[in-house]
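Peer 1: okay, sequence plus prediction incoming.
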Amino acid sequence: MKITNLFTRSSSLSLIAAIALMASCQDEDKRLTASDSQDISEEAVTDSYYQDLDDMGSVAIATPSDAQLSTGRTEESVTITVDDQRFSCATVTLVRDAASTADVPKGTITVDFGMGCTDARGNIRSGKLIFAYYKRRFQPGSTVVETTDNYYVNGIKLEGTRTSTNVTGSTADAPKFNVVLTGGKATFPDNAVATRESNITWSWVKGATRLQDELIIDKSSTASGTTRGGRTYTVSLQADLVYKRTCFMAVEGVKKYLIDGTKEIVIDYSVGDCKNVNVTVNGVTHQVTVK
């Protein structure tokens, strides 16, 4: 089973722009200011870049054959070709652990983008991604530990350790993963730094057709950090976020930001029509249409 670009999982910048224009006649603490908009936008972009690492790790680990992934009584290095446009000019190397077996494969996959690779969507990546895997991705209990080596995407340097664990009860259940980011750090082209820690649990529920698939982010998921402007933030969910392939944003769920411990911004996606959301800023609610 292979995951390739499952869903769009970041907030749309057009959504952020639309929200930023609302309630201009309200007091500042009851409207979304330019600083709020920038902070939420940067959080969404940074989150999407880290989630992209998960997706690329899943694709890379699903690519090798069973023999390449697990066979061998000694460490062995092989170069593999990944059928995904994000890897088009990268060198992908798999090194099997000496203890790897057919039942419990173990090893490391390194993706080297060199001085810069541009994908079909115009994203530019450089440096290295390292994925240390234990067991097959869709086996309960499998893990992937993701780290970076001088890795940049679109001029933003990403650091930190992201550990993804398959927490599915059995192979008969919908795949479910817990992903923990520690020591997350994003350095922007102007050398400003944002930090991030997160603990996210998500599941992939297959529908009758591919377009009916759903990605569900559990409401227990959280994130926190500091913006490059020095403000603190926390992100929590009041209801599961549900994404579908047919919509660029969530169609169900409620996401809450708390900025500097005082300003609460709640985005409610439960309108479900892929164009409207309800936004509440410190108790004042408005419906926003995203074009």
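Peer 2: Arrived safely, thanks for sending. Numbers count the residues shown, from 1 in each chain.
Peer 1: for the residue nearest the centre of the chain, helix, strand, or coil?
Peer 2: By C-alpha atoms, centre = their mean, the chain has its centre lying nearest to Gln51, at 1.6 Å. Put simply, Gln51 is helix when judged by DSSP: H, G, I helix; E, B strand; the rest coil.
Peer 1: kindly report the same for the one 4 residues further on.
Peer 2: Secondary structure for Asp55, judged by three-state DSSP, is helix.
Peer 1: also the one 5 residues further on?
Peer 2: Here Ala60 is recorded as helix under three-state DSSP.
Peer 1: can you give me the buried ones in stretch 187-195?
Peer 2: Residues of stretch 187-195 classed as buried by neighbour count (16 or more other C-beta atoms under 10 Å): 187, 194-195. Every residue, glycine included, has its C-beta placed from N, CA and C.
Peer 1: now stretch 86-96
Peer 2: Within stretch 86-96, the residues scored as buried using 16+ other C-beta under 10 Å are 86-87, 90, 92, 94, 96.
Peer 1: make a markdown table out of those residues and add distance to Ser236 and secondary structure.
Peer 2: Listed next are the buried residues of stretch 86-96 as a markdown table, based on distance: C-beta to C-beta, whole Å; DSSP: H, G, I helix; E, B strand; the rest coil:
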| residue | distance to Ser236 | secondary structure |
| --- | --- | --- |
| Arg86 | 30 | helix |
| Phe87 | 34 | helix |
| Ala90 | 35 | coil |
| Val92 | 36 | strand |
| Leu94 | 38 | strand |
| Arg96 | 40 | strand |
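Peer 1: do you have the helices of the stretch 51-200 of the chain handy? List them.
Peer 2: Taking DSSP state H, counting those that start in this stretch, the helices of the stretch 51-200 of the chain run over residues 66-70.
Peer 1: pLDDT below threshold where in it?
Peer 2: Across the stretch 51-200 of the chain, the ranges flagged by pLDDT under 70 are 70-75.
Peer 1: quick check: the farthest pair among the buried residues of stretch 86-96?
Peer 2: Arg86 and Arg96 (23.4 Å; C-beta to C-beta).
Peer 1: what ranges do the strands span in the stretch 1-150 of the chain?
Peer 2: 76-80, 91-96, 106-112, 117-118, 124-134, 143-153 (DSSP state E, counting those that start in this stretch).
Peer 1: just how off-centre is the second one within its chain?
Peer 2: On the basis of C-alpha atoms, centre = their mean, to the nearest Å, the separation between the geometric centre of strand 91-96 and that of its chain is 23 Å.
Peer 1: kindly calculate the angle that that strand makes with strand 124-134.
Peer 2: 10 degrees (axes from the mean of the first three to the mean of the last three C-alpha atoms, to 10 degrees).
Peer 1: any idea how far the spatially closest residue to Lys157 that is not a sequence neighbour is from Gln212?
Peer 2: In space, Lys157 comes closest to Thr187 once its chain neighbours are excluded; the distance is 4.2 Å by C-beta to C-beta, 6 or more residues apart in numbering. Separation of Thr187 from Gln212 (C-beta to C-beta, to the nearest Å): 40 Å.
Peer 1: tally of neighbours for Gly261?
Peer 2: By other C-beta atoms under 10 Å, the residues close to Gly261 number 10.
Peer 1: and the pLDDT at it?
Peer 2: Model confidence at Gly261, given as pLDDT, is 92.
Peer 1: what is the burial count for the closest residue to it other than its chain neighbours?
Peer 2: Spatial nearest neighbour of Gly261, chain neighbours left out: Thr232 (6.7 Å); criterion: C-beta to C-beta, 6+ apart. Using other C-beta under 10 Å, Thr232 has 14 other residues around it.
Peer 1: what does Ile259 give?
Peer 2: Using other C-beta under 10 Å, Ile259 has 19 neighbouring residues.
Peer 1: fine, thanks again, bye for now.
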